[in-house]
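>>> Predicted model, plus sequence, below.
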Amino acid sequence: MFWTLSKKQSYLDDLVIPAKDEKEGLEKLKTVFEVAKKYGLEIKFKKCQFLKKTIEFLGHVVENGTIKPSTAKIQAARKFPESTTIKQVQSFLGLTGYFRKYIKDYSTIAKPLSDLTRKENSFVFGTLQKAAFEKLKNIMSEGPLLHIYKYGRRTELQEQREILRNDAKKSIETIQSENRKTYNKRRKIAPMYKEGDLVAIQRTQFVELD
């Protein structure tokens, strides 16, 4: 029902409406309330936050034009025990994989672990697996940071699959690291077509949030 609202982020019954300033924020809130009233939607104000400069949403913290994993998620990765079963490996990959856009070359780093989950492979948590496990834990523990995409600024899509942007000070800031595993059927495809797919994906992924 909120499809008419522009520049929004939603998940199930959660809704985030970004605004450049308090005035715009109040105008957007008015629109939200009008739509809710029209469709008979009940809003529980105890669960709402208004005109916040910092918010936590789906395990991410958004503030000052940046986005980062929440403290709880960072601590979960830092305290994750060394895996002794496939289920534990899958759980760790689920946790870190959720934040893969923060981690450059995530699929390459995590490969020794993801290979353990294949049915044809025996479970051996050896040197390579321990190294991958510790590297991912260390990266998450450092609190990786990304910058929110801003429409209109010159944006670069690098070969290493990092999406970058130039800010007003002419410095380069990482928006996202695009890490997608290449399956056997696609490994023989020419690199130019793989990069073309990446461009197509990114063109539909980013919206202006400020």
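Cool, the structure landed.
>>> Can you tell me the SS state at residue 130?
helix (DSSP: H, G, I helix; E, B strand; the rest coil).
>>> and it, what does it touch?
By CB atoms under 8 Å, 6 or more residues apart in numbering, the contact set of residue 130 is residue 82. C-beta here means a position set from N, CA and C on the backbone, and glycine is covered the same way.
>>> how about a cut-off of 10 Å?
Counting by CB atoms under 10 Å, 6 or more residues apart in numbering, residue 130 makes contact with 82, 83, 112, 113.
>>> hmm, who's touching stretch 77-90?
Counting by CB under 10 Å, 6+ apart, 69, 91-93, 95-97, 99, 110, 112-119, 121, 123, 125, 129-130, 133-134, 136-142 sit against stretch 77-90.
>>> Just the buried ones among the residues you listed, please.
69, 92-93, 95-97, 99, 110, 112-114, 116, 125, 129, 133, 136-137, 139-140 (16 or more other CB atoms under 10 Å).
>>> ok, which stretches of the chain are helices?
Secondary structure of the chain (DSSP state H): helices at 22-38, 71-78, 86-97, 106-114, 127-141, 191-205.
>>> What average pLDDT does stretch 58-75 get?
Averaged over stretch 58-75, pLDDT sits at 93.
>>> right, I mislabeled it, should have said stretch 15-27
88.
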